[in-house]
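Novice: I would like to see how this sequence folds:
(chains A, B, C and D)
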2 protein chains.
Amino acid sequence: MRVVVRRTGLNASLLRAWERRYAAVEPGRSDGGQRLYSDHDVQKLVLLRDLVGAGHNISQVADLDMGELRLLLRRDGRGDVGDGTPAPTADDDFIEARPRARLHPESTASSHLAACMAAMHAMDPRALEASLNRAAMGLSPVDLVDQVLVPLLTRIGLLWSRGEVRPATEHVASAVVRRFLDWLLETLSPRTPAPLMLVGTPAGHRHEFGSLLAAVVVAVEGWDVLNVGPDLPATEIAAAAETKNARMVALSAIHPGDDPHLPGELRALRRELPDDVDVVIGGPAAARHADALRDVGVEYLPSLEDLRSLSRNGFLAWTRSRNGDGAGPDSVNWPQDT
Amino acid sequence: MRVVVRRTGLNASLLRAWERRYAAVEPGRSDGGQRLYSDHDVQKLVLLRDLVGAGHNISQVADLDMGELRLLLRRDGRGDVGDGTPAPTADDDFIEARPRARLHPESTASSHLAACMAAMHAMDPRALEASLNRAAMGLSPVDLVDQVLVPLLTRIGLLWSRGEVRPATEHVASAVVRRFLDWLLETLSPRTPAPLMLVGTPAGHRHEFGSLLAAVVVAVEGWDVLNVGPDLPATEIAAAAETKNARMVALSAIHPGDDPHLPGELRALRRELPDDVDVVIGGPAAARHADALRDVGVEYLPSLEDLRSLSRNGFLAWTRSRNGDGAGPDSVNWPQDT
DNA sequence: ACATCCTGCACAGACCCTGTACAATTCCTC
DNA sequence: GAGGAATTGTACAGGGTCTGTGCAGGATGT
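Specialist: Got it, this is the predicted structure:
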């Protein structure tokens, strides 16, 4: 109990009140009747604390499960841009995200971005990570990607290409951002059955941030994602897709902007994959071959937004095909707050 | 018994109570019935003492194993304030090394290793991560590195070089292990002031697992670590070391085993750094140039164990120089509350 | 022999539990 | 917009539980 109080910063009386009045957590009991909080309980309490601090009332959030709490916390900045995450909300009552939103999303997004840039220049990985975490807390996943991560990576890349930032600085920042993207992917990944998307980069392309961002984007749309990493030949990607029974493959090609092997590589990939597995690709290196790629049967996506809508449709199609016909009762529709 | 009392700072009655009531430890007995504590027992008691001091109740932590205790201690270890009583002068104490049947650490380590290998072959990143987490729970950081991570990476590398595992499989596994190492580094990093060590790999060397392992090893010894990432020219490393005021630089050179530029690169690094900053390097590529490197003023370390002892000594020297004079380096803070 | 260690028992203070109450807000209705 | 109802954080008392410590009487070991 004392430990929980210290770790959550909440009053002991308050913990008991939340338990009694809202059944927010239901810790086990010792033989003598003392509460035994599990790690899960503590995590949930922390989420509740933050949510309450952000203006929600307990009575409405206390009985949500962890996934819903986390999501709520993310989209809190506003941005009710329907993120169709398949939150396993079995019950029908929707989460009324009270439009108590203050803080304009752009201004906070740009301030988060500025904080990240400052931490990068200071070569302070902890500060950078902290800034990213703050951004993740304050923004919806979509805003986080579009307004913080993409600009951040773009700017770092630009500074690097101009030689305006030390390679060591860039390395340190990249490592942190990569880890953060990994973490984001993990926490956004659905726990429920979902179609699998493979992400990676083609042979010769070692920049993996594009594919990591793609992974996050499609995870938000409900897909299960397997990142097979950068610089893989077509045969490898195809083999992995087959082994894991992927429904779709998304690639990213950034750096060797004029890679002549790209169309051939993707033709091979396309040929080795079943027809019902879609292959898409994004990134500047792919843009140059957009037409050739289309001929090969690989769709070029100019922006993450395209990937977003495409994967959303793909996900809905998957659920429909899975539920036999009309959308089942407790399926994936996240209730849009009206 | 007295020895244990001195080493742990715990009352003899308390030791007996913990044993009787919670079976916290179960020391062997002499023919006459006197308790014979093993080294393992003492370690566990120390962990329990710190944990109880941090607010946990014994009843709940007494039956956890060492790995769980350590993890618990780290997790809520931030924010420790009190120092209070200067701890039971634990100096000049020799613990009777009573070998006693070590409860098979290698067998559990090898089972963890097997689980990791199986997860890798199944191309199941979640399972791999779960196996690694389990290993982290059940083993000390040192055993974890020496008996799981190093063998795991060695085997994966071997399979890969022989073409006995698909590159895609290797990629997926590597990504998970890298993230795990990142996480491990983060959780092991000291929250208190500590000397800074830079880790990375020299220009041309893109395999970064060696440096990540090095980072973990020195973090365990108490250092603060900044990983500047792979493939960095000497000038960059030197600049980073200067900016962050590093006390030591540890590099790893693995893959291009016959890199002719290595000595030159390190000579440049050595020249750009202050004399009181040590530079060490490990890995097979460095082994070939061990003599040349020594001439340049860079120490070649054949094994992680060498790095371990060297960084330990370096850390102790740092604390001594910082505390002015004596003052036990590891001033444990025992009973403290309020 | 003498200090040390063993077992079993007892106890006091710190801690936690339940139930109830209460003040400060916020929400809603008239 | 005033007053009542609901919400929510906090406090207190009485009683049970947890846990560190001390003591008596006997055994151990050097």
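Novice: tell me which parts of the stretch 151-300 of chain A are close to DNA strand C?
Specialist: Nowhere does the stretch 151-300 of chain A come near DNA strand C, counting by CB under 7 Å from any atom of the strand. Bear in mind the C-beta positions are built from the backbone N, C-alpha and C, glycine included.
Novice: Could you give the residue of the stretch 151-300 of chain A that lies closest to DNA strand D?
Specialist: Residue of the stretch 151-300 of chain A nearest DNA strand D, by CB to the nearest atom of the strand: A:Thr187 (25.5 Å).
Novice: per-residue confidence for that residue?
Specialist: In this model, A:Thr187 is scored at 76, pLDDT.
Novice: In three-state terms, label it for me.
Specialist: helix (DSSP: H, G, I helix; E, B strand; the rest coil).
Novice: Could you find the closest non-adjacent residue to A:Ser220?
Specialist: In this structure residue A:220 is Val, not Ser. Counting by CB to CB, 6 or more residues apart in numbering or on different chains, A:Val220 lies nearest to A:Pro141, which is 4.8 Å off, once chain neighbours are set aside.
Novice: Centroid-nearest residue for chain A?
Specialist: For chain A, A:Val216 is the residue whose C-alpha lies nearest the centre (CA atoms, centre = their mean; 3.7 Å).
Novice: Show me what counts as buried in the helix or strand harbouring it.
Specialist: Taking DSSP states H and E as the definition, A:Val216 sits inside helix A:209-220. For helix A:209-220, the neighbour count (16 or more other CB atoms under 10 Å in any protein chain shown) marks A:Phe209, A:Gly210, A:Ser211, A:Leu212, A:Leu213, A:Ala214, A:Ala215, A:Val216, A:Val217, A:Val218, A:Ala219, A:Val220 as buried.
Novice: export those to a markdown table and tack on pLDDT and distance to A:Glu19?
Specialist: Listed next are the buried residues of helix A:209-220 as a markdown table, based on pLDDT from 0 to 100; distance: CB to CB, whole Å:
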| residue | pLDDT | distance to A:Glu19 |
| --- | --- | --- |
| A:Phe209 | 96 | 44 |
| A:Gly210 | 96 | 46 |
| A:Ser211 | 97 | 44 |
| A:Leu212 | 97 | 40 |
| A:Leu213 | 97 | 40 |
| A:Ala214 | 97 | 42 |
| A:Ala215 | 97 | 38 |
| A:Val216 | 95 | 35 |
| A:Val217 | 95 | 38 |
| A:Val218 | 95 | 38 |
| A:Ala219 | 92 | 33 |
| A:Val220 | 88 | 33 |
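Novice: quick revisit: from memory the residue nearest to the centre of chain A sits against A:Trp183, does it?
Specialist: No. Applying CB atoms under 8 Å as the test, A:Val216 and A:Trp183 come out as separate, 10.1 Å apart.
Novice: Would you mind giving both backbone torsions of whichever residue of chain A sits closest to DNA strand D?
Specialist: Going by CB to the nearest atom of the strand, DNA strand D is nearest to A:Gly32 of chain A, at 2.2 Å. Main-chain torsions, A:Gly32, degrees, to the nearest 10: phi -90, psi 0.
Novice: repeat for A:Leu316
Specialist: phi -60, psi -40.
Novice: Tell me how many other residues surround it.
Specialist: Residues lying near A:Leu316 (other CB atoms under 10 Å in any protein chain shown) number 17.
Novice: just A:Gly28 next, same as before
Specialist: 10.
Novice: next one: A:Pro274
Specialist: Neighbours of A:Pro274 (other CB under 10 Å): 11.
Novice: swap in the one 10 residues further on?
Specialist: A:Pro284 is flanked by 13 other residues according to other CB under 10 Å.
Novice: ok, now which ones touch it?
Specialist: Residues counted as contacts of A:Pro284 (CB atoms under 8 Å, 6 or more residues apart in numbering or on different chains) are A:Ala253, A:Ile254, A:Gly257.
Novice: what does the model give it for pLDDT?
Specialist: For A:Pro284, the pLDDT comes out at 94.
Novice: Next: A:Glu106.
Specialist: 46.
Novice: Tell me, domain by domain, which residues of chain A belong where.
Specialist: A:2-75, A:103-188, A:193-338 (automatic domain parsing).
Novice: To B:Ala17, which of those lies closest?
Specialist: domain A:2-75 (16.7 Å; CB to CB).
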